[in-house]
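[1] Sequence first, predicted coordinates after that:
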Amino acid sequence: MRTLRAALAVSFLAVAYVLAAFALVGQQMAPRRRTRTSSDPGGLVLTEQEQPGLWAEVRALAATAGTRAPDEIRLVPEVNAAVSEETSLLGLRTGTRRMFLGVPLLQGLSRNQLHALLAHELGHHSTSHTRLGALIHRSRLAIAEVAASLSNPLVKRPFRTYARLFFSLTRPLAHAHEIDADRLSATVAGPRTAATTLRTLPALDAAWHIYLEQYVEAGTHYGLRPTRFFDNFTNLMSDPERLEELARISAAPPEAKTSAYDSHPPLSERIERLESMASADEADKSDKSGNAASILRYPSQNFLALEDKTFAGSGLTPAPMAEIVSVAGARAAAINAETLLNAMQENQIVPATVRVALDLIASGNLDTLLNLVEVEDAEAKRKVIARLLGAAIAHELVGEDKARYELSWAGPWRLVDIAGQEVDPEELAYEALGSPGYAAALRAWVHQLDAQVDAKVETATPTSTQPDGYIGALAPISGDGFRTLLVTETGLMLLKPTGSDRLATGLATVTSGSPGRKLIQRALDRSPAELATASNAAYVPWDQIRALHLKQSSSGRRSADITTAAGKGWSLQWTNAAESEGHIWPAVDHYLGRRFTVD
C-alpha cells in the first residue's frame with residue numbers, strides 16, 4: 001500500500017510541476033502590486049570560526065541522520081528549530097540549506113533535548129529510510145509556498161484544489177517520514193529524552209507568548225523595548241508560579257491547531273510512541289547534559305547581538321523591564337480611572353472623584369455606581385466597578401507617590417506601597433461593593449498611606465552640603481534604578497523616577513514626546529536643595545567623589561562609573577538617544593580634575 005501511494009505521489013508531483021508552471025505564468029500575466037522582499041532570511045549567522053563546538057555537534061548529528069550538514073546556522077528570536085532549503089522545481093532541486101536555532105529553546109531545553117530536536121529536523125532531509133520521503137517533504141513545503149503566494153484568481157483556485165489532493169494523498173507518507181524522524185531523535189538522545197522534549201516545547205511556546213504579549217508589547221505601546229531581552233525570558237521561566245504553570249502544560253501538552261499542509265501526526269501519539277520505546281534503565285537516569293545554551297561559545301554575547309539586530313530600526317527606546325511595566329501599569333490604571341470618572345460625570349455624579357465613589361458605597365448607595373455598567377448580571381456589574389474603582393485608587397496613589405508599580409514575573413506587575421508591601425485596591429473595592437462596611441476600611445487604608453508619606457517627609461534628613469545651581473542634566477539613564485543625572489555647582493545628583501515621573505514619561509512617549517526631555521523638565525522644575533531631600537534622590541558633593549570614569553563605545557552605548565570617598569559606587573548607562581542639557585562633562589572635568597577619566 002505504501003509503495004502504491006509512493007507511485008501515485010510521484011505521478012501527482014509530476015503533474016504539480018506542470019500546474020505550478022501555469023500558475024507562475026498566470027501570476028506574471030496578472031496585474032499585481034510589487035512588494036519589496038529581503039534576501040536576508042533573518043536571525044544572526046553563527047559561523048564555524050565563531051562557534052566550532054556547535055558546528056562539530058551539528059555535523060555529527062547530520063552524519064547520524066544520513067544527510068548533509070547545513071550551509072548556515074542562524075540564531076533566531078522565536079521558539080523554533082528548523083532546517084530549511086532554498087529549493088526550485090517544487091523541491092526537486094535543492095540549494096542553500098539553513099538551520100535555525102531559537103534562543104528560547106536554548107534557554108529552556110537541556111543539551112540532550114536540543115540534540116533530540118535537531119536530530120528530528122535533520123531527519124526530515126534524511127534518505128536513510130527512503131529517498132522519496134525527503135523529496136515528498138520538500139515538495140509539500142514548496143507546493144504550500146506556491147499555493148500561499150498565488151493571487152490571480154484564474155490560477156489560484158485550480159492549483160489549491162490540486163494541492164489539497166496532493167496533500168491528502170501524501171499525508172500517510174509524510175506521517176511515516178515524521179515517525180522516522182522521531183525514531184532518529186530517539187536513537188540520538190534516547191526515547192525518554194525525545195518524549196520529554198516534545199512535552200516541553202508547548203510549555204516553552206506558551207511562556208514565550210506570555211513574555212511577548214504581557215511584557216514586551218506593554219512597552220511597545222509607549223515606544224519602549226526591554227534591555228536584556230532574552231535574559232528577561234529566563235527570569236520569567238524561573239518564577240515559581242510560572243514554573244508550576246509550565247509544568248502543568250508539559251504534563252498534558254495541548255494539541256496544536258494543524259492545517260491541511262501539516263505533516264505531523266498528533267502530538268499525543270508521537271509522545272506515546274516514544275515513551276513506549278523507553279526502557280526502565282533510561283527512566284532512572286537524570287539528564288545531566290546541562291543547559292542547551294552551553295552549546296554556544298559566549299552565549300550571552302550572541303544573545304545581545306541578536307537583540308540589537310532584532311530591534312535595529314524599530315525606533316524603540318531601550319529601557320529596563322522594571323521601568324516598562326511601571327509605565328504600563330500606571331498608564332493602564334490611568335485609562336481605567338478615566339473611564340470610571342467620565343462615566344460618573346456623564347451621570348451627574350459630581351464631583352467625579354474616588355472619594356465621592358467611596359462615600360456612595362459607605363452610605364449604602366451602591367446602585368448609583370453599579371448602574372453605571374449596562375449589564376443585567378449583578379456579579380458582572382460588581383466586578384467591573386471593582387476593577388475600575390481599584391484602578392482609580394491605584395492611579396491616585398501612584399500620582400501622589402504613595403504607591404508604585406513593580407515588575408512581577410507572575411504578574412506582569414504588582415502595586416506596592418511606600419513600605420514595599422503589595423496592595424490590591426481592586427480586591428478591597430470588590431469587598432466594599434459587597435459590604436458597605438468595607439468602604440470605611442478602604443478609606444482608612446488610603447488615609448494610612450497618607451500618614452506614612454507625611455511621616456517619611458518629616459523624618460527625611462537633609463544632606464550635609466546643600467546643592468545649589470543646575471549646570472546640566474542627562475536622561476534617561478539606567479543603573480541602580482536611577483533615570484536622571486543632574487550636575488549642580490556643588491556636586492552630582494541621581495534621581496530615581498517617582499510614580500508621577502513614570503506616568504509623565506509614558507504619556508510623553510504616546511504623544512511623540514521625549515521621555516528624557518520630560519524627566520529633565522520635571523527635575524529642573526524643582527530646586528536642587530528641594531530635590532536633595534527627596535527619598536528618590538542621591539546627592540554627592542564634588543569633594544566626596546573619589547573617581548568618575550566615562551566610557552564611550554562605537555555602538556552608541558555610554559557608561560559612567562562613579563565611586564565615592566565612602567566606597568559607595570554606581571554604574572550608569574545610556575545611549576545616544578538620551579537627552580542632555582547644559583555642559584555636563586566639561587563641568588565634571590572642571591570640578592573633578594584628575595579624578596575624571598575618559599576612555
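    Arrived safely, thanks for sending.
[2] so who does L550 touch?
    Counting by CB atoms under 8 Å, 6 or more residues apart in numbering, L550 makes contact with 558-560, 585, 596-599. (Each C-beta comes from the backbone N, C-alpha and C, glycine too.)
[3] and if we set it to 10 Å?
    L550 makes contacts with 558-562, 572, 584-585, 588-589, 596-599, as judged by CB atoms under 10 Å, 6 or more residues apart in numbering.
[4] and what of R404?
    With CB under 10 Å, 6+ apart, R404 has these contacts: 326, 329-330, 394, 397-398, 413-418, 420, 496-500, 502.
[5] Check those residues for burial and list the buried ones.
    With burial judged by 16 or more other CB atoms under 10 Å, the buried subset of the contacts of R404 is 326, 329-330, 394, 397-398, 413-415, 417-418, 496-499, 502.
[6] Most widely separated two among the residues you listed?
    Taking every pair in these and measuring CB to CB, the maximum separation is 19.5 Å, between A394 and K496.
[7] one step back: with respect to P528, which of the contacts of L550 is nearest?
    Relative to P528, and with distances defined as CB to CB, the nearest of the contacts of L550 is I584, at 14.9 Å.
[8] how close does that closest one get to R595?
    Separation of I584 from R595 (CB to CB, to the nearest Å) stands at 16 Å.
[9] Equivalent analysis for G42, please.
    Counting by CB to CB - G42 and R595 are separated by 47 Å.
[10] Please apply the same query to L407.
    Counting by CB to CB, the gap from L407 to R595 is 35 Å.
[11] where does the stretch 101-250 of the chain have low pLDDT?
    127-175 (pLDDT under 70).
[12] swap the cut-off to 80 and go again
    126-177 (pLDDT under 80).
[13] which stretches of it form helices?
    103-108, 111-123, 131-149, 153-189, 191-210, 217-220, 229-238, 240-251 (DSSP state H, counting those that start in this stretch).
[14] Next secondary structure after the last one?
    To tie it back to what came earlier, the one meant is helix 240-251. Next helix or strand after helix 240-251 toward the C-terminus (DSSP states H and E): helix 267-277.
[15] roughly how far out does that following helix sit from the chain middle?
    Relative to the chain's own centre, helix 267-277 is displaced by 32 Å; criterion: CA atoms, centre = their mean, to the nearest Å.
[16] now it and helix 191-210, what's the angle there?
    150 degrees (axes from the mean of the first three to the mean of the last three CA atoms, to 10 degrees).
[17] thinking again about what came up before, just the closest of the buried ones among the contacts of R404 to F100, please.
    Checking the buried ones among the contacts of R404 one by one against F100 (CB to CB), the nearest turns out to be W413, at 32.8 Å.
[18] so how far is T227 from that closest one?
    Going from W413 to T227 by CB to CB gives 17 Å.
[19] same question, R297
    Relative to T227, R297 is positioned 23 Å away (CB to CB).
[20] who's more crowded, those two?
    T227 (20 against 13; other CB atoms under 10 Å).
[21] Tell me where the stretch 251-400 of the chain is predicted with low confidence.
    In the stretch 251-400 of the chain, residues with pLDDT under 80: 256-264, 279-285.
[22] do that again at 70, thanks
    In the stretch 251-400 of the chain, residues with pLDDT under 70: 258-263, 280-284.
[23] now the strands for it?
    Taking DSSP state E, counting those that start in this stretch as the criterion, the stretch 251-400 of the chain carries its strands at 317-319.
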